[in-house]
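Colleague: test case, fold it:
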Amino acid sequence: MSRKNKTLGEYIIENQASFKYTSGELSRLINSIRLAAKVVNHEVNKAGLVDIIGTAGDTNIQGEDQQKLDVYANDKFIQTLTNRNIVCGIASEEEDDFISINSQDENNQNKYVVLIDPLDGSSNIDVNVSVGTIFSIYRRITPVGTPVKIEDFLQKGSEQVAAGYIVYGTSTMLVYTTGHGVNGFTLNPAIGTFYLSHPNMEFPKNGRIYSVNEGNYTHFPQGVKNYIKYCQMEEEDRPYTSRYIGSLVSDFHRNMIKGGVYIYPKSSKNSTGKLRLLYECNPMAFLAEQAQGKASDGFTRILDIKPNELHQRVPFFCGSKNMVEKAEEFMRKNP
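Modeller: Next up is the predicted model:
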């Protein structure tokens with residue numbers, strides 16, 4: 001059993017031997033993400049006091065308006081990971097293409113690439129709603145010491161060696177997995193240290209919360225419409241409670257603790273789905289499975305999907321195992 005007053009740094013050192021690869025590089029990488037998270041957290045907490053809220057005046061590769069904090073968080077995570085010479089490549093939801101690190105340095109022996117959504121739910125910043133950062137880590141598949149290539153990033157989610165998120169809310173938490181369960185660490189802002197607060201996090205097999213943007217109901221597939229009606233029916237264990245924040249990190253975090261299902265399906269407005277496979281769905285699916293939950297696109301396990309582009313979108317059903325399976329049952333009947 002993990003000691004709850006353990007710091008994140010202590011936890012990483014003590015559990016390094018359980019990592020699939022024990023060179024220490026992955027431990028340093030997670031420590032770098034921890035550092036960048038503290039910097040971004042400091043800026044998020046100043047929103048409203050300094051000129052950091054609102055749009056930046058640009059759009060990202062997705063065609064979405066970039067918030068000032070999107071740009072800030074993206075810059076800080078890329079700077080931290082690059083300056084510490086700890087990865088060989090980075091792909092960000094906010095960048096058109098992947099970034100190759102020290103590609104001209106033949107002595108660069110770094111083995112890991114990071115894919116990141118620097119600030120998920122950033123449009124909520126202006127109204128003081130929780131936002132987050134999502135990260136995913138893979139070992140490169142091209143030869144070490146050569147520039148990274150697109151195939152290093154287009155790996156199935158099942159190949160992830162670590163994934164996690166930081167939620168900037170009433171407290172700031174870093175939640176991650178290296179394939180041996182899920183643990184959550186809460187930041188003590190007085191001393192700037194993350195402490196183990198939620199050891200061995202798991203989804204309840206059943207929950208009573210469904211999280212979906214019902215404003216898009218008329219655009220959903222019939223299977224999703226039928227599942228929503230099922231959730232609302234008066235039965236012994238229902239109706240379920242509808243809770244939708246509009247920040248994937250926040251909705252996922254709540255559902256993992258309380259039990260629930262998160263659904264962002266394809267629709268007549270987004271025929272392939274809206275969430276990004278590499279930056280959002282894969283890392284959250286890895287976490288979900290490590291926390292005894294489930295994640296799919298309504299039919300197929302998310303972690304089995306072979307990506308074909310950096311900014312690929314997919315439908316996403318994720319959460320308590322029995323709830324996801326029930327939603328899949330409705331999808332099979334009415335795709």
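
Colleague: hey, let's count contacts and neighbours off CA atoms from now on
Modeller: Fine.

Colleague: near residue 118, how many other residues are there?
Modeller: The number of residues packed near residue 118 is 29, by other Cα atoms under 10 Å.

Colleague: so what's it up against?
Modeller: Residues near residue 118 by Cα atoms under 8 Å, 6 or more residues apart in numbering: 70, 73-74, 77, 92-94, 132-135.

Colleague: so it versus residue 204, what's the distance?
Modeller: To residue 204, residue 118 is 28 Å away according to Cα to Cα, to the nearest Å.

Colleague: nearest to the spatial middle of the protein, which residue is it?
Modeller: By Cα atoms, centre = their mean, the mean C-alpha position of the chain lies nearest to residue 134, the distance being 3.4 Å.

Colleague: how about it, nearest residue that isn't a chain neighbour?
Modeller: Spatial nearest neighbour of residue 134, chain neighbours left out: residue 165 (4.3 Å); criterion: Cα to Cα, 6 or more residues apart in numbering.

Colleague: tell me the contacts of that neighbour?
Modeller: Residues in contact with residue 165 (Cα under 8 Å, 6+ apart) are 132-135, 174-176, 249.

Colleague: next, format the residues you listed as CSV and append distance to residue 153.
Modeller: Output for the contacts of residue 165, formatted as CSV (distance: Cα to Cα, whole Å):
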residue, distance to residue 153
132, 22
133, 18
134, 15
135, 13
174, 23
175, 22
176, 19
249, 22
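
Colleague: so which of those belong to strands?
Modeller: Among the contacts of residue 165, DSSP state E puts 132-135, 174-176 in strands.

Colleague: ok, of the residues you listed, which one's closest to residue 36?
Modeller: Distance to residue 36, by Cα to Cα, is smallest for residue 133 among these, at 10.3 Å.

Colleague: before we move on, back to that, the residue nearest to residue 134: helix or strand, and which one exactly?
Modeller: Applying DSSP states H and E as the criterion places residue 165 in strand 162-168.

Colleague: which of the helices or strands spans residue 72?
Modeller: According to DSSP H and E, residue 72 maps onto helix 68-83.

Colleague: and the contacts of the helix or strand that that helix is followed by?
Modeller: Moving toward the C-terminus from helix 68-83, the next helix or strand (DSSP H and E) is strand 89-92. Residues outside strand 89-92 that contact it (Cα under 8 Å, 6+ apart): 74, 78, 97-101, 112-118, 148, 153, 279, 310.

Colleague: no further queries at this time; thank you.
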